[in-house]
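In: Test case, fold it:
(chains A and B)
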Amino acid sequence: MDAKKKVLLIDDDKDFLMATKLILEKGGYEVFLAEDGKSGVDMAKSVGPNLAIIDMMMETWSEGFNVVSKLRTSDPGKQIPLIMLSAVDLQGPYQSFEPPDDLPTVDLVLHKPIKADDLLKYVGRLIG
Amino acid sequence: MVEGHVPFHILIIDDEESILDGCRQTLEKSGYSVTTCGDGTGGVALAREVKPEVAFVDLKMPNCSGMDIIEILSRDMPDIVLIVITGYASIVSAVEAMKKGAYDYLPKPFTPDQIRAVTKRGIEHRELKIEADRLRVEKARMEKNFITFVSHEMRSPLVTIQQYIESLKVIAGDALTGDAGEIIGRCEKRLTSLQDLIEHWLDLSRIENGTFSEAKAPVELCEVLQKSIEEMSPLCQRREIDLRYDTGGAVPRILGDQESLLRVFSNIIGNATKYTPPGGSITVRTDHDDYYVYVIVADTGQGIPQDKLPFIFEPFYRVRGKEERQKGSGLGLTFSRKIMEAHDGQITAASKEGEGTTFTMKFPRLSGL
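Out: From the prediction side, this is the model:
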């Protein structure tokens, strides 16, 4: 049997981590949790995940972007698919939040909360 | 003066040598750094160079009006504290100087104690003014960010609960049937309405504190309506309501924010679905005259009693009806009216009980088509 694919979850909300972890484990993934941006970046190096899911608003409103930038500059973050999670509607007309000009590229942006089926479907599409 | 502390800088502009000397001695003894100048033009140049916290200006100098100096300095250096030195006879001009931006005046002759007291008071005034300005800026920033902050704080727990329910459903799998499944379903419904309520409340707050998008551009109303119809069609199908869009001729453009207008139209159509029985219809059409463009949404629902009609745009007002199948946030119509007002437009409702309700949204048209 193949080794389980590894997913790294970075979010400062412990409960959200727990809820999402349960769904991903049910989907057959090995899940690693980081509660802030910095440990997320460190863990990406030590764990070597196949995919990382990053919350946008953590310590600051745009901490998620910082994390993605950092992940994208070195291995393994350079290579793997990244999913950005956000509870705010980035497309909305009324957000006072302004994304940085040099928006780091992620493979997918998903809105919180996310249906279990959808989460597994998207993750499956990205890493099988 | 405290060691290492940069002393406050005082500038004195006066044509009397004795005054300059006296002031310098007194103030330097009190720990201030002092610059003096015997003429007005030089004084202004010096003020710009040394940027003093406080400047004393003699009103009566040969070849120069102290009043002009006051005017120039208070305009150029908003934080500087200006104190007028004046003879007893010219109290009137001291008052005039204060109108031009001077903070205080010092009548001649004055004692060392008096100049020390005036200087101290001036410095304190300046510190308070700077602090007040800083707080004002901070307050404005906090007000602007408050909504975003609150929105995050209110959404986070809600999102997490919803995510837990998702994971619960995954873990429990088939075990979550019967009553348990029903309960979870009801929890989800209540959470969704709470989420709607929060979103609507946030929208209203944003409109009220001015952070709602006002990026207005020419809008093709038929495009926005088409989008809204697409958005609302699945709901109408589920409720067996016939949602029609009568596209009749060209629609003049209006100036508006597409996203918020989309929300308004979907709100109004969504509202209509709640009061229209299965088999009924909702018709969307447009109209225009020389000045206005109208969007009209008519349903064949239960209608709104005449005496309730004036209140439907009030927050949380509900027309109690048997046919109401799904509760909304109670803020949808309030939001819609605010958005229409932001578009210099109007929203009105007409209704006949048992026959249906018609909402009319009126926008000023852009000239031309």
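In: from here on, contacts and neighbour counts on C-alpha atoms
Out: Will do.
In: which residues sit in contact with residue 22?
Out: Defaulting to chain A. A:Leu22 sits next to B:167, B:171 when contact means CA atoms under 8 Å, 6 or more residues apart in numbering or on different chains.
In: my question was about chain B
Out: B:Gly22 neighbours (CA under 8 Å, 6+ apart): B:Pro112.
In: Tell me where chain A has helices.
Out: All helices of chain A, identified by DSSP state H, fall at A:14-26, A:37-47, A:63-72, A:116-127.
In: For residue 53, give me its contacts.
Out: Just going to use chain A. A:7-10, A:82-85.
In: Chain B was what I was after
Out: B:8-10, B:79-81, B:123, B:126.
In: go again using 10 Å as the cut-off
Out: B:Glu53 makes contact with B:7-11, B:47, B:77, B:79-82, B:119, B:122-123, B:126-127, according to CA atoms under 10 Å, 6 or more residues apart in numbering or on different chains.
In: what helix or strand does the closest residue to B:Ile207 other than its chain neighbours sit in?
Out: Spatial nearest neighbour of B:Ile207, excluding adjacent residues (CA to CA, 6 or more residues apart in numbering or on different chains): B:Lys338 at 7.4 Å. Element membership of B:Lys338, judged by DSSP states H and E, is helix B:332-342.
In: ok, and of the contacts of A:Ile53, which contact chain B?
Out: Checking the contacts of A:Ile53 against chain B by CA under 10 Å from any CA of the partner chain, not one of them is in range.
In: Is the spatially most central residue of chain A bridged to anything, and to what?
Out: Ranked by distance to the mean C-alpha position of chain A (CA atoms, centre = their mean), the top residue is A:Ile53 at 1.3 Å. Going by DSSP bridges, A:Ile53 is paired in beta bridges with A:Leu9, A:Ile83.
In: So B:Leu82 lies in a strand, does it not?
Out: Yes - B:Leu82 forms part of a strand when assessed by DSSP: H, G, I helix; E, B strand; the rest coil.
In: Just give the number of residues close to it.
Out: Number of residues near B:Leu82 (other CA atoms under 10 Å in any protein chain shown) recorded here: 27.
In: cool, the one 4 residues further on as well?
Out: Using other CA under 10 Å as the criterion, B:Thr86 is surrounded by 20 other residues.
In: surely the residue nearest to B:Ile207 meets B:Leu261?
Out: No - with contact defined as CA atoms under 10 Å, B:Lys338 and B:Leu261 do not form a contacting pair (11.0 Å).
In: re earlier: what residues does the residue nearest to B:Ile207 make contact with?
Out: For B:Lys338, the contacting residues are B:203-204, B:207-208, B:264, B:313, B:344-347, by CA under 10 Å, 6+ apart.
In: Just the buried ones from the residues you listed, in ChimeraX syntax?
Out: Buried members of the contacts of B:Lys338, defined by 16 or more other CA atoms under 10 Å in any protein chain shown, are picked up in ChimeraX with:
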select /B:203,204,207,264,313,345,346,347
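In: In strands only, show me the contacts of B:Lys338.
Out: Those of the contacts of B:Lys338 mapping onto strands are B:346-347, per DSSP state E.
In: residues in contact with the lowest-mean-pLDDT helix or strand in chain B?
Out: Taking mean pLDDT, DSSP states H and E as the measure, strand B:64-65 is the helix or strand of chain B with the lowest mean score, a mean of 80. With CA under 10 Å, 6+ apart as the test, strand B:64-65 has contacts from B:39-41, B:57-59.
In: if we go to 8 Å?
Out: Here strand B:64-65 has contacts from B:39-41, B:59, using CA under 8 Å, 6+ apart.
In: now for the residues you listed, which pair is the farthest apart?
Out: Put simply, by CA to CA the two of the contacts of strand B:64-65 set farthest apart are B:Thr41 and B:Leu59, 13.2 Å from each other.
In: And the pLDDT for the nearest residue to B:Arg116 once chain neighbours are set aside?
Out: Leaving aside its chain neighbours, B:Arg116 sits nearest to B:Leu27 (6.7 Å; criterion: CA to CA, 6+ apart). Per-residue pLDDT puts B:Leu27 at 94.
In: Just give the number of residues close to B:Leu27.
Out: The burial count for B:Leu27: 19, using other CA under 10 Å.
In: Out of the contacts of A:Ile53, which is nearest to chain B?
Out: A:Leu85 (11.6 Å; CA to the nearest CA).
In: In contact with the closest one, which residues are there?
Out: Residues near A:Leu85 by CA under 8 Å, 6+ apart: A:53-56, A:109-112.
In: would you list the residues you listed in JSON lines and tack on distance to B:Tyr275 and pLDDT?
Out: Supplementary listing: the contacts of A:Leu85 in JSON lines, determined by distance: CA to CA, whole Å; pLDDT from 0 to 100:
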{"residue": "A:Ile53", "distance to B:Tyr275": "42", "pLDDT": "95"}
{"residue": "A:Ile54", "distance to B:Tyr275": "42", "pLDDT": "93"}
{"residue": "A:Asp55", "distance to B:Tyr275": "39", "pLDDT": "91"}
{"residue": "A:Met56", "distance to B:Tyr275": "39", "pLDDT": "85"}
{"residue": "A:Val109", "distance to B:Tyr275": "36", "pLDDT": "85"}
{"residue": "A:Leu110", "distance to B:Tyr275": "33", "pLDDT": "88"}
{"residue": "A:His111", "distance to B:Tyr275": "31", "pLDDT": "86"}
{"residue": "A:Lys112", "distance to B:Tyr275": "31", "pLDDT": "87"}
